[in-house]
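>>> Here is my input; please provide its structure:
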Amino acid sequence: MSESCRGYMPRSAEWGTLALILACYGGWLAALWLLPGISLALTVLALGVMAALHSSLTHEALHGHPFRSRWLNEALMFFPLSMAVPYGRFRDTHLAHHEDEALTDPYDDPESNFQDPAVWLRLPGWRKALLRVNNTLLGRMVLGPLVGQVCFMAGDWRLARQGEPGIVRDWILHGLGLAAVIWVVWQSPAPLWAAVAGAYMGLGLLKIRTFLEHRAHESAGGRTVVIEDKGPLAFLFLNNNLHIVHHMHPGVPWYALPQLYQARKADFLKANDGYIYRNYLQIFRNYLLRAKDPVPHPLWQQGE
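Numbers count the residues shown, from 1 in each chain. From the prediction side, this is the model:
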């Protein structure tokens, strides 16, 4: 890490982040017990926001926050409010995603939405149509959680059958955490379907953040976006809209990213070749019903 960034690193436990984690769990519990008598729609909305925030906090935990102890951070995020991906699998695939030279690679980047063009040509028509819809912002929010979950589980099934270590363990731990979450929901006035719908909504909200985080570009730095949003979505995503800042300095905590960006804005925009949006409203206007990128990787042949 460069000397210019050391001042943005935590020197001790991050009590503000811990408080936010506890508030997230508290908000989720409050939604389960207090809102069903008022409105189930409001219950689902609140559960969705809490699930999305929990996922953002899970991302912080795997990068070493709020404590220096890995096991303590992982214990804090044991209960999967979004119900979908095991913490251990998210940790391992996301850290692999931080190999910036492989960003957007259809094979080596676990979070890439691009397809190998040769594979794309062999896909059946219905699957091409589904992936094209999934490449619009609305499609990514509505269909993306299901498409992503099916693909993720199919990939893990293949890896487990090939003997990849840790896969089965992480899914078992996820099952234990998920069982605890479902048990809590059963004790509450909220129906289980509302919690499932809220979890799905939370994953859909996260798709707004990941929709155009990375683009096909010749240089690794030029593949990662900055969205200069300061509204509620930026808070929900814990400032990961400043994504080039996070990729260049993944150890910097969420609350320090805006200050670091402003201090070195010109450097970051030079590093990512000006890949910038003003806010999420601009992205909704441009891409709600229109794809930003093709599904087959446009530079894949050149990158081989």
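>>> any chance you could map the helices in the stretch 101-250 of the chain?
117-122, 125-134, 137-142, 144-161, 167-187, 192-210, 232-236, 243-248 (DSSP state H, counting those that start in this stretch).
>>> could those helices be laid out in CSV, adding mean pLDDT?
Output for the helices of the stretch 101-250 of the chain, formatted as CSV (pLDDT from 0 to 100):
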stretch, mean pLDDT
helix 117-122, 96
helix 125-134, 97
helix 137-142, 98
helix 144-161, 96
helix 167-187, 97
helix 192-210, 98
helix 232-236, 98
helix 243-248, 96
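>>> Give the stretch among those with the greatest mean number of neighbours.
helix 243-248 (a mean of 24; mean count of other C-beta atoms under 10 Å). (C-beta placed from N, C-alpha, C; glycine too.)
>>> Which strands and helices lie in contact with that helix?
Other helices and strands packing on helix 243-248, by 3 or more C-beta pairs under 8 Å, 6 or more residues apart in numbering; DSSP states H and E, are strand 226-227, helix 257-263, helix 265-271.
>>> could you redo these as JSON lines and give each row mean pLDDT and mean neighbour count?
Shown next, in JSON lines, are the helices and strands packed on helix 243-248 (pLDDT from 0 to 100; neighbours: other C-beta atoms under 10 Å):
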{"stretch": "strand 226-227", "mean pLDDT": "98", "mean neighbour count": "22"}
{"stretch": "helix 257-263", "mean pLDDT": "96", "mean neighbour count": "17"}
{"stretch": "helix 265-271", "mean pLDDT": "97", "mean neighbour count": "15"}
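>>> got any ranges where the stretch 1-150 of the chain has weak pLDDT?
1-4 (pLDDT under 70).
>>> quick one: the strand or helix carrying Ser55 to helix 167-187, angle?
Assigned by DSSP states H and E, Ser55 falls within helix 40-62. Computed by axes from the mean of the first three to the mean of the last three C-alpha atoms, to 10 degrees, the angle separating helix 40-62 from helix 167-187 equals 150 degrees.
>>> send the alpha carbons of the helix or strand following helix 40-62 over as CSV?
Next along the chain after helix 40-62, taking DSSP H and E as the criterion, comes helix 70-76. Provided in CSV are the C-alpha atoms of helix 70-76 (Å, rounded to 0.1, in the frame of the first residue of the first chain):
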residue,chain,number,x,y,z
ARG,A,70,-10.8,-13.1,10.4
TRP,A,71,-12.8,-15.6,12.4
LEU,A,72,-14.5,-12.8,14.4
ASN,A,73,-15.5,-11.0,11.2
GLU,A,74,-16.8,-14.2,9.7
ALA,A,75,-18.8,-15.0,12.9
LEU,A,76,-20.5,-11.6,12.7
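>>> Against which helices or strands is the next helix or strand after helix 70-76 packed?
Under the assignment DSSP H and E, the closest C-terminal helix or strand after helix 70-76 is helix 87-97. Contacts defined by 3+ C-beta pairs under 8 Å, 6+ apart place helix 87-97 against helix 40-62, helix 70-76, helix 167-187.
>>> want to try CSV for the ones you listed, with distance to Gly274 as columns?
Formatted as CSV, the helices and strands packed on helix 87-97 follow (distance: least, C-beta to C-beta, whole Å):
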stretch, distance to Gly274
helix 40-62, 25
helix 70-76, 35
helix 167-187, 38
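>>> between those, which one is nearest to Val147?
Nearest to Val147, of all the helices and strands packed on helix 87-97, is helix 40-62, at 16.9 Å by C-beta to C-beta.
>>> ok so, going back, what's the offset of the helix holding Ser55 from the middle of its chain?
11 Å (C-alpha atoms, centre = their mean, to the nearest Å).
>>> angle of that helix against helix 87-97?
60 degrees.
>>> Pull the contacting residues for the residue most central in space within the chain.
Centroid-nearest residue in the chain, with C-alpha atoms, centre = their mean: Leu206, separated by 5.6 Å. Neighbouring residues of Leu206 by C-beta atoms under 8 Å, 6 or more residues apart in numbering: Ala52, Ser55, Ser56, Phe237.
>>> and if we set it to 10 Å?
51-53, 55-56, 59, 82, 140-141, 144-145, 148, 236-237, 240 (C-beta atoms under 10 Å, 6 or more residues apart in numbering).
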